[in-house]
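Peer 1: Attaching a predicted model along with its sequence, questions to come.
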Amino acid sequence: MHIEILQNENQNYVKEISKRTIALQNKLNAFLENSPLKDHEQKFKIKITDTKQIDGLFVSNEDQKIILLSNKLIHSSEFEQVLAHEIFHAIHNEFNPNEKSWIKEGLAQLFEYYLFNRYNTTNVSASFNSNAYFFSEYTFTDVDRPLYGQHFLYFHYLTRQCGNKDLFWKLITNKESLSGILLIDKILQSITVDKIQCKNFSNSFIYFNLSRVINSYNIVDGELDDSYYLIPSTIKQKEITSISEIQTIGIHPYSVFFINKQLGMNLETKSLLSFWIKRETPFKITNDINEVTDSLWTNVLFKF
């Protein structure tokens with residue numbers, strides 16, 4: 001991999017970032033050495049811009065791959081992470097230019113995490129404090145922070161559970177003319193990991209959210225617990241008090257809601273999948289409402 005800094009009117013930019021760019025180039029080459037992209041020649045050109053609206057942007061061009069970086073990053077500790085993020089988008093674009101934004105952004109953040117062993121704690125925290133719809137479109141503003149956090153956590157969970165970096169590279173370098181959930185389903189069907197959460201996207205999504213609710217691990221100093229992490233009581237609650245109110249949540253598939261257990265009814269139907277989770281160690285999962293006898297149980301409803 002080779003990274004070139006385009007000549008700019010302000011040569012101080014070039015001087016300031018040249019050493020950092022070379023160091024990142026070496027780190028990237030070392031990381032890719034044990035990947036399917038080991039012999040895949042990559043050349044990128046960096047252009048520093050005056051824009052403050054975005055940190056970085058990959059610009060697809062037939063002749064060259066240009067990455068625009070805001071000059072506000074020149075003296076920032078985030079320079080390397082933003083550049084690596086955009087380089088990932090450039091690589092990913094070669095294999096699947098039509099991939100869904102939530103997959104692109106989730107995997108790009110995971111790429112950063114692999115390289116630097118750190119992630120954006122602001123985005124992750126925002127994902128716990130928002131009931132943002134998982135498949136919302138990106139606006140590429142601060143409004144997206146909950147989405148970035150959710151999508152990073154989902155792909156971190158998926159790869160940790162279902163194949164680590166082998167799965168990561170499969171998701172990027174696949175030869176299928178698929179995208180989104182269909183692509184994830186196809187790739188999960190091709191792996192040999194015998195776990196229920198690795199069977200298909202739906203299963204992975206259910207168990208991803210179960211882990212968010214069940215686990216009481218805290219994120220400490222940016223470290224992710226190997227078993228999965230999560231701040232206790234992270235998912236925003238929506239109390240449901242009647243059957244008619246349940247019918248109003250159908251517009252958001254794959255959303256997670258807490259249900260008032262005092263309703264005393266079994267919510268499992270053809271269109272609703274309901275789990276009761278006991279917040280103890282070891283935890284227990286059931287969909288039998290008759291087993292729910294104390295306040296340690298929480299009901300989580302998944303709409304499909």
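Peer 2: Alright, I've got the coordinates.
Peer 1: now the strands for this structure?
Peer 2: Residue ranges of the strands in the chain, as given by DSSP state E, are 2-5, 43-49, 56-59, 66-70, 256-259, 272-278, 284-286, 297-303.
Peer 1: Mind telling me which of those the model trusts least?
Peer 2: Looking at the strands of the chain, the lowest mean pLDDT belongs to strand 256-259 (a mean of 42).
Peer 1: what domains does the record give for the chain?
Peer 2: What the record gives for the chain is the domain set 2-95, 103-214, 243-303, from automatic domain parsing.
Peer 1: Just put those in CSV and tack on mean neighbour count.
Peer 2: Where C-beta positions appear, they are placed from N, C-alpha and C, glycine not excepted. As requested, the domains of the chain are arranged in CSV below (neighbours: other CB atoms under 10 Å):
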stretch, mean neighbour count
domain 2-95, 15
domain 103-214, 18
domain 243-303, 14
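Peer 1: Could you tell me what pLDDT the model assigned to residue 141?
Peer 2: The predicted structure scores residue 141 at 86 on the pLDDT scale.
Peer 1: now swap in residue 92 and tell me
Peer 2: Residue 92 is assigned 93 on the pLDDT scale.
Peer 1: The one 10 residues further on now?
Peer 2: As summarised for this prediction, residue 102 has a pLDDT of 94.
Peer 1: From what I see, it and residue 135 are in contact.
Peer 2: Yes: taking CB atoms under 8 Å as the definition, residue 102 is a contact partner of residue 135 at 6.3 Å.
Peer 1: one step back: least reliable of the domains of the chain by average pLDDT, please.
Peer 2: Considering the domains of the chain one by one, the lowest average pLDDT is found for domain 243-303, at a mean of 49.
Peer 1: quick one: residue 47 and residue 141, what's the gap?
Peer 2: Between residue 47 and residue 141 the distance, using CB to CB, to the nearest Å, works out to 22 Å.
Peer 1: go on, residue 157?
Peer 2: 26 Å.
Peer 1: for residue 58, same thing?
Peer 2: Taking CB to CB as the criterion, residue 58 is separated from residue 141 by 18 Å.
Peer 1: So which residues of the stretch 51-200 of the chain form helices?
Peer 2: For the stretch 51-200 of the chain, the helices defined by DSSP state H, counting those that start in this stretch occupy 79-95, 101-116, 121-128, 145-162, 164-173, 180-190.
Peer 1: Pull the residues that contact the first one.
Peer 2: Translated: helix 79-95. Contact with helix 79-95 is made by 1, 3, 17, 20-21, 23-24, 28, 37, 42, 44, 46, 55-58, 60, 65, 67, 69, 73, 99, 104, 107-109, 111-112, 115-116, 118, 172-174, as judged by CB atoms under 8 Å, 6 or more residues apart in numbering.
Peer 1: The same query, at a cut-off of 7 Å, please.
Peer 2: 17, 20, 24, 28, 37, 42, 44, 55-58, 60, 65, 67, 69, 73, 99, 104, 107-108, 111-112, 115-116, 172-174 (CB atoms under 7 Å, 6 or more residues apart in numbering).
Peer 1: just the second one next, same as before
Peer 2: Residues outside helix 101-116 that contact it (CB under 7 Å, 6+ apart): 27, 31, 81, 84-85, 88-89, 92, 119, 135, 137-138, 148, 151-152, 154-156, 159, 168, 171-172, 180.
Peer 1: what do you get if the cut-off is 8 Å, keeping everything else the same?
Peer 2: Taking CB under 8 Å, 6+ apart as the rule, helix 101-116 contacts 27-28, 31, 80-81, 84-85, 88-89, 92, 118-120, 123, 134-135, 137-138, 147-148, 151-152, 154-156, 159, 165, 168, 171-172, 179-180, 183-184.
Peer 1: cool, the last one as well?
Peer 2: Defining contact as CB under 8 Å, 6+ apart, one finds that helix 180-190 is touched by 96, 99-100, 103, 158, 162, 167, 170-171, 174, 176, 178, 198-201, 204.
Peer 1: If we use 6 Å, what do you get?
Peer 2: Here helix 180-190 makes contact (CB atoms under 6 Å, 6 or more residues apart in numbering) with 100, 170, 176, 178, 198, 200, 201.
Peer 1: can you name the two of these that are farthest apart?
Peer 2: For the contacts of helix 180-190, the maximum inter-member distance is 19.9 Å, found between 100 and 198 (CB to CB).
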